[in-house]
Every structure is written in structure tokens, then in C-alpha cells.
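Enquirer: what's the 3D shape of this:
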Amino acid sequence: MELLINRNLVFAENRVIETERLILRPITLEDVEDIFEYAHDVETTRFVFPRHQSIEDTKISVANFFMASPLGKYAIEWKENGKMIGTIDLRVQEGDDTAELGYALNKKYWGQGIMPEAGKALLELGFEKMDLVRIFAYHNTKNSKSGRVMDKLGMREEAVIPDAKREKGEIISIVLKGITKKAWMESNQTS
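Expert: I've put the predicted structure just below:
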């Protein structure tokens, strides 16, 4: 008999996830100022989402995207100072037992291994507690920093999709990277 895993229950039971330097937790309206700090920044939002013009834009985004259906969506809080510095989410595709990983990080915290640390926690949740078969992510071909995060998570390039979509008025190409449960388990075996 096949084991049926209620993935929403797994998310509900794992609303807060701690790593060495981070706390992944639910996003609330109290996070709006911290989110606006990076969501208003041109460089941070260049490849991710439309730049927020006002705190009101950020409130609407938090309410509509993060709070309307919060399971699998996390604030990234820096333990050192309690600041909310980014977001990460795992969007499960129930029909095929896969999930898409998405993330954004305040540029003040780039280059410190934060996103791979947060991503590893969600890959572990997805593979070890949800029995997903594959987790994937996309990045704009011009966003090599995001590609490096995916590489550090063990994801491998699966496809380059030329002229994949129009984003902010520009036709862009995207890179699809992914990792299977088998590859994750092999790379995370303890000796």
C-alpha cells in the first residue's frame, strides 16, 4: 500500500525551521518594513519581482501572496540581529510529487551563504518529510548569482529555455535547474 503524505500537514507542523544562523518562520505584516527595504531596491528586485514603490505595495504583496496561503512560505530571519532579511518558499506540485523553490534576499546579506543554508532546510523538508521526487528552480540567464545558489544546493542544469517569457518589458531566457530525491540522498549521506 502506498503511503499518502499530507504535505500541507507537514508544512503546518514545520511552520518554524531553525538552521545554524537562520530562523525560517511565517511572514506577517510586522515584516513589511524589512521586506520593503529590499523590495524597493532596484538591484535586489531586478530578476525577481516588480519593484515595490511604496509600503502599501509591500503590505498588499504580503497579504495576497504570503498570508493568503502561507504554507510553504517563510520569512528568513537572521538570528544574529532578529532582522527579517528575505523570503523563501517551496511550492509543491501535488500531481507529480515535485516542488519549485523560490527566494529573495536583501542585498546587504548577499555572498554569505544564507540562501543555500535556507534552501538546504527546505530541500530536506521536501525530500525527507514530504517524499518529493524532485525539487527545481528557475533563474534568468542574466542572474548568475541565483544560479550559483542552485548549484550549491546540488541542483543541476536541466534546460535553458530561450525567449521563455516577457518580464518587466524584456523577453528573457531562463535556466531550469533541479535535484532529485535520489541525488539529494546520495549527496547528504553521513559516513
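
Enquirer: pull the longest helix from this protein.
Expert: Using DSSP state H, we find that the single longest helix of the chain is helix 114-124.

Enquirer: could you pull up the mean pLDDT of the following helix or strand past it?
Expert: Sequence order places strand 134-140 as the next helix or strand after helix 114-124, per DSSP states H and E. Per-residue pLDDT over strand 134-140 has a mean of 96.

Enquirer: repeat for stretch 50-68
Expert: Mean predicted confidence for stretch 50-68 is 89.

Enquirer: name the residues that touch that stretch?
Expert: With contacts defined as CB atoms under 8 Å, 6 or more residues apart in numbering, stretch 50-68 is touched by 27-29, 31-33, 35-36, 39-42, 45, 49, 73, 87, 168. For the C-beta atoms, the positions are set from N, CA and C on the backbone; glycine is no exception.

Enquirer: repeat that for stretch 153-163.
Expert: Taking CB under 8 Å, 6+ apart as the rule, stretch 153-163 contacts 101, 116, 119-120, 123, 135-137, 141, 171-179, 183-184, 187.

Enquirer: buried ones from those, can you make that a ChimeraX selection?
Expert: A single ChimeraX command suffices to select whichever of these are buried according to 16 or more other CB atoms under 10 Å:
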select :101,116,119,120,123,135,136,137,172,174,175,176,177,178,179,184
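
Enquirer: now residue 174. Nearest residue, chain neighbours left out?
Expert: residue 164 (4.4 Å; CB to CB, 6 or more residues apart in numbering).

Enquirer: how many neighbours does that neighbour have?
Expert: A count of neighbours around residue 164, defined by other CB atoms under 10 Å, yields 17.

Enquirer: same deal with residue 148?
Expert: 14.

Enquirer: go on, the one 10 residues further on?
Expert: Neighbours of residue 158 under the rule other CB under 10 Å: 14.

Enquirer: what do you get for residue 67?
Expert: Neighbour count of residue 67, defined by other CB under 10 Å: 14.

Enquirer: gap between it and residue 16?
Expert: Remark: distance between residue 67 and residue 16 (CB to CB, to the nearest Å) = 16 Å.

Enquirer: could you do residue 158 as well?
Expert: 32 Å.

Enquirer: what's the next secondary structure element after the helix or strand of the chain with the lowest mean pLDDT?
Expert: Lowest by mean pLDDT, DSSP states H and E among the helices and strands of the chain is helix 42-45, with a mean of 75. The helix or strand immediately downstream of helix 42-45 is helix 55-61, counting by DSSP H and E.

Enquirer: helices and strands around the helix or strand following that following helix, which ones?
Expert: Moving toward the C-terminus from helix 55-61, the next helix or strand (DSSP H and E) is strand 73-78. Judged by 3 or more CB pairs under 8 Å, 6 or more residues apart in numbering; DSSP states H and E, the packing partners of strand 73-78 are strand 22-25, strand 83-93, helix 114-124.
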